[in-house]
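In: When you get a sec, could you give me coordinates for this:
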Amino acid sequence: MAQIASRSLAFPSGALSLEGVLDLPSETPAPGVVVCHPHPQYGGDMDNNVVLAACRALAGRGFVALRFNFRGAGGSDGAFDQGPGARDDARAALGQLVELPEVDARRMALVGYSFGATVAAEVASGELRALALVSPPVAVSDLRVAWGCPALVIAGDRDEFAPADRLQVIAEAPAVELRIIAGADHFWWGFEAELGEALGEFFERHVR
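Out: Next comes the predicted model:
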């Protein structure tokens, strides 16, 4: 596994400044991945266990991973906005990552976990090489499924917010893979390594 270095950064989202952390592999330029965290009103931020596991696994496989706090979370400016504001923040993170010299702007991808998966699904487009949605909360919110790029939908079989039967319907869309992890629930405690391995394998196939 490649050696990982991390550094903090701030970047604009409109008039606001958002805080983020960049996880860098030993060799750059490399493909870039933005990772969106779960709902901040339920304790979610860029230091969430799933977000950290995703970033470290991807950086370890040679990807540049950017995690950030949505507006109103952590040290990011503004007040939380789960609609247009959150989508603007995710687009701003992608825009920031593309501009970094360590990133190959031709090979970009996006990950979202829980609420972050809903946001990622909203902003994903054919300009991305791949999209991964971790535990999208389809039991409580709708999910946009027209992405224009290969997508992985992954959840645990004990996840009441992302029930497998609802996810199976989403996986019938073109270029969508579904992965259900036995024993994992919505919070992924104890299954972070297995999740990171699945994300890394998917992105190596589609982003490299």
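
In: Secondary structure element for the residue nearest to the spatial centre of the chain, which one?
Out: For the chain, residue 111 is the residue whose C-alpha lies nearest the centre (C-alpha atoms, centre = their mean; 2.0 Å). Residue 111 belongs to strand 103-113 when assigned by DSSP states H and E.

In: which helices and strands does that strand pack with?
Out: In this structure, strand 103-113 makes packing contacts with strand 30-36, helix 49-60, helix 84-99, helix 115-123, strand 130-134, helix 192-206, judged by 3 or more C-beta pairs under 8 Å, 6 or more residues apart in numbering; DSSP states H and E. For the C-beta atoms, the positions are set from N, CA and C on the backbone; glycine is no exception.

In: what about 6 Å?
Out: Other helices and strands packing on strand 103-113, by 3 or more C-beta pairs under 6 Å, 6 or more residues apart in numbering; DSSP states H and E, are strand 30-36, helix 115-123, strand 130-134.

In: now it against helix 192-206, angle please.
Out: With axes from the mean of the first three to the mean of the last three C-alpha atoms, to 10 degrees applied, the angle from strand 103-113 to helix 192-206 works out at 140 degrees.

In: Give me the residues contacting strand 103-113.
Out: When contacts are defined by C-beta atoms under 6 Å, 6 or more residues apart in numbering, strand 103-113 is touched by residues 29, 31-36, 38, 50, 54, 64, 97-98, 119-120, 124, 128-134, 203, 207.

In: Could you rerun that using 7 Å?
Out: Residues lying outside strand 103-113 but in contact with it, judged by C-beta atoms under 7 Å, 6 or more residues apart in numbering, are 29-38, 50-51, 54, 64, 94, 97-98, 118-121, 124, 128-135, 199, 203, 207.

In: If you count neighbours, what's buried in that strand?
Out: 103-104, 107-113 (16 or more other C-beta atoms under 10 Å).
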